[in-house]
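# Pasting the sequence and the predicted coordinates here, then a few questions.
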Amino acid sequence: MRIGIMTFWGQVNYGQNLQLFALSQFLKEAGHYPFLIRYYAADFIANPYPPLHGAKDGEQQVTVAEKAALWAHLQNDLYARRIPFFIDSYLNVSDRIYGYASELEENPPKADAYIVGSDQVWNFWRRPLEAVRDNELRAYFLDFGGADVRRIAYAPSFGDQELHGGYREAVSRLLSRFDYVSSREKKGVELCRECGVSDADWVPDPTLLLPAERYLDLLPAGSAFSQPDKPYIFLYMVNPNEEYIQKIREIARRRGRDLKIVGGNVGQALAIPGLTIPATIPEFVHLVANADYVFTDSYHGTAFSLIFNRQFANLPSPFSGKGESRFLSIFDWCGLKSRNVDASFALPPEIDYAAVGKKLEELRARFDGGWANATMLHSDQLDAAASRPKVSVVIPVYNVEEYLPKCLDSVCGQTLKELEIICVNDCSPDRSIDILREYEARDGRVKVIDFPRNRGVASARNAGMAAATGEFIGFVDPDDEVDGNFYETLYRKAVDLGADIAKGGRKHVEFDGTETVDELNEKIRFSKAYFSASFWSAIYRRSIIHENDITFPTGIFIGEDLVFQVRCVMAARKLVTSDKVFYRYYKREGSAVSEVYATGFMEHRKLDSNRSAFSLIIKYANEAFDAGRVDDLTYDIIFYNNLCFSVMVMMLTEDVRKKYEGAELLLKFYDQCRRKEQLDERLAEEQAGFHTLIKERDLKKLTLFFVENYTLEDVLRANDVRSASYFQR
Amino acid sequence: MKIECTLEGTRLTVRPEGRLDTLTAPELKQALEESWEGATEIILDLAGVDFVSSAGIRIILMAHKHMADHGSLVIQNVRDSVAEVFELTGLTDTLNFA
């Protein structure tokens, strides 16, 4: 598998580059082709940014000029420590360098899987969400590339105890696309769970996955670093602190040891001639491995002390408390307590490496097999994923023996073979079940669910969805048909463009066989919110349905499909359309509009069902809006359309009381709108007739308006009933 | 629908019977248009009508508008079930009831 790794890279930071090396090495040894996605946040580098690590709110920002000077210094340091050469020597890298998430989206690195992590890639230093939302946040939450690319979070760190200022909502949304989520801190796991990833895992930092020899091999035997001539104490400081240096120098003197100091981290890199060593990455590794004692305030200083079984102590860092959790999780695993020096600089008790070394071995063994499985990078898991149906087609069946074979033939004969065809027989009194059993015996992809009693179409579709295992779900009604390449075309399009919904066209077949094509796609290309009819003409990514707990509401029997559809539309990050393939909807006797033709009105219980559906849609739209899960344009269109649908229903009854109830509902909907100014603007322009009456809040005048102007004759007289086609089922 | 139309001088009395809905409203319309020539007062007697739909309301409004130029329309003997319809549409204030 080609696996793109998204993490920090190429800065003056040993841990950063070593965790990347370790993950890459681990994946190589598992038989994959890992490569670094060379991304850096171009806007972050170009703009002034809040103070560096550990600074408090309200401190002055670093200016562009100051930052430029800093970067120039870092650049020198970077080459002094030969970090670019390390990357060249040990890592595969993406062909291009990306500066923005939009570049990643337009030209995503080709891969079977993306892994984000480790390091503190999910630490945005409490910057306002707006500062990172369009670039860094998207990049480090893998919001790019096709939908078929596996997205894995391996051991990223938030470096913080909480998500503030809208981050939780944004992160929840982004994490919903992941196949596997983990963090290297228990606190990070909790934060992921708060964001809706209930099965987030704790995993060790990738540096702990490789045995010590693998790191020692980085430096040729015989170098001064691999064979020190005198025992030394090693101090690795990310946050320089004069007081600590003095104290440790004193300890070294008392013990008759040399003191070797390495500093380094972005922005505070310490390569002070005469004081610190500008070690290369392999040299750094050996400095830890051969030290008599290690002092460090760094996570990776700690991790490598453990890997090389060194006695060590942690120095409190300016962000102790915030960053502490990352040490504690791994200490917990090894059975260690805090390693911080105390206020009087007394050292923690000696570590018994006979026990700790064993725990680290266990950790490695566990992840060699277990982690690969959990992340679905293991070959068995890949095979299983490959045989997973691409589309599950759900067909609710009730009393349709006459049409069912043609419908099933059109689904079973699809050019996309990786289908799962779930037929739910809703206790049909006719031979429908016999027909289903015949197809089930003939085609292994057909699965039959047989309801012992009639439960209605919503329950039937829900049961089908619950049983579905495909990547996408499609719906066919048992008296309709689909073009032979319908699902292949939509599936390919969804996968290629990374969409959650792919919609084809719909052909409406009249009683006499004449066909008309709906013109919805043009509008949908303007906004996904216009996808508000013909729900069966699309496929829906199963994960968005399950993650958002979207079902067909039971208890209403008209409009339940619209509720499902609108909720999917709100949840979908992207909707694509194809005008080349069609769902063929056959108009049959007995449909709701046919009934209006035949009886002159729509049954009140159906009318009430429709109105319940509209009320549900308003409720879900408002919930999504309040939670920031739907953008303004989508909300405006859904709200306006729903309001107009509820008005259109007035045409389907001549009962004055029902029109009065409809007018009442309309006022209620209007009052519930979260963006009234925008709604008023559109109503004034397009529905001036009743908009003024809504504003006057005159229920009786509004009723009279619908009595006079929204008449059943208009429906019956219309040659083209598409305007009312929404009500057909 | 049975509709009885009686013209006495310039007073036209119209007595429909049954439901005044989408199917029967056109019959009332036709009956009115055929007999209102020369009438300056129309009495619409709804004693025999037990249901009025929107279509019925539209015909009554049509008659009301016609008579605005030619005299007056008076509605009488409205049953409770039908009175509700005039109430919900605010027509109790617009139309003349005897």
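Noted; the coordinates are in hand.
# Looking at the lengthiest helix in chain B now, give me its mean pLDDT.
Using DSSP state H to define each element, chain B has its longest helix at helix B:54-70. The average pLDDT within helix B:54-70 is 94.
# Check which residues of it are buried.
B:Ser54, B:Ala55, B:Gly56, B:Ile57, B:Arg58, B:Ile59, B:Ile60, B:Leu61, B:Ala63, B:His64, B:His66, B:Met67 (16 or more other Cβ atoms under 10 Å in any protein chain shown). Heads up, the C-betas are built off the backbone N, CA and C, glycines and all.
# From the chain's centroid, how far away is it?
Put simply, helix B:54-70 sits 7 Å off its chain's centre (Cα atoms, centre = their mean, to the nearest Å).
# restrict the buried residues of helix B:54-70 to those near chain A?
B:Ser54, B:Ala55, B:Ile57, B:Arg58, B:Leu61 (Cβ under 8 Å from any Cβ of the partner chain).
# Quick check: pLDDT value at residue 75.
Going with chain A. So, for A:Gln75, pLDDT stands at 74.
# my question was about chain B
97.
# go on, the one 3 residues further on?
For B:Val78, the pLDDT comes out at 96.
# A:Phe582 too?
95.
# Give me the neighbour count for it.
20 (other Cβ atoms under 10 Å in any protein chain shown).
# you'd agree it is in a helix?
No: A:Phe582 is assigned strand when assessed by DSSP: H, G, I helix; E, B strand; the rest coil, not a helix.
# Show me what it is bridged to.
A:Gly505 (DSSP bridges).
# of all the ones next to chain A among the buried residues of helix B:54-70, which comes closest to chain A?
The nearest member of those to chain A, counting by Cβ to the nearest Cβ, is B:Ser54 at 4.3 Å.
# and stretch A:226-239, how far from the chain's centre?
Worked out by Cα atoms, centre = their mean, stretch A:226-239 lies 43 Å from the chain centre.
# elements contacting the longest helix of chain B?
Judged by 3 or more Cβ pairs under 8 Å, 6 or more residues apart in numbering or on different chains; DSSP states H and E, the packing partners of helix B:54-70 are helix A:656-672, helix A:699-709, helix A:712-717, strand B:11-20, helix B:25-35, strand B:41-45, strand B:72-76.
# And the pLDDT at A:Phe85?
Confidence score, pLDDT, at A:Phe85: 85.
# Flag every buried residue along the helix or strand containing it.
Assigned by DSSP states H and E, A:Phe85 falls within helix A:83-90. Buried residues in helix A:83-90, counted by 16+ other Cβ under 10 Å: A:Ile83, A:Phe86, A:Ile87, A:Tyr90.
# Around the nearest residue to A:Phe124 once chain neighbours are set aside, count how many other residues there are.
Nearest non-adjacent residue to A:Phe124, counting by Cβ to Cβ, 6 or more residues apart in numbering or on different chains: A:Val132, 5.0 Å away. Neighbours of A:Val132 under the rule other Cβ under 10 Å: 21.
# ok, so of the buried residues of helix A:83-90, who is nearest A:His286?
Set against A:His286, the nearest of the buried residues of helix A:83-90 by Cβ to Cβ is A:Phe86 (13.8 Å).
# Might you name the residue of chain B sitting closest to chain A?
Counting by Cβ to the nearest Cβ, chain B gets nearest chain A through B:Gly90, at 3.3 Å.
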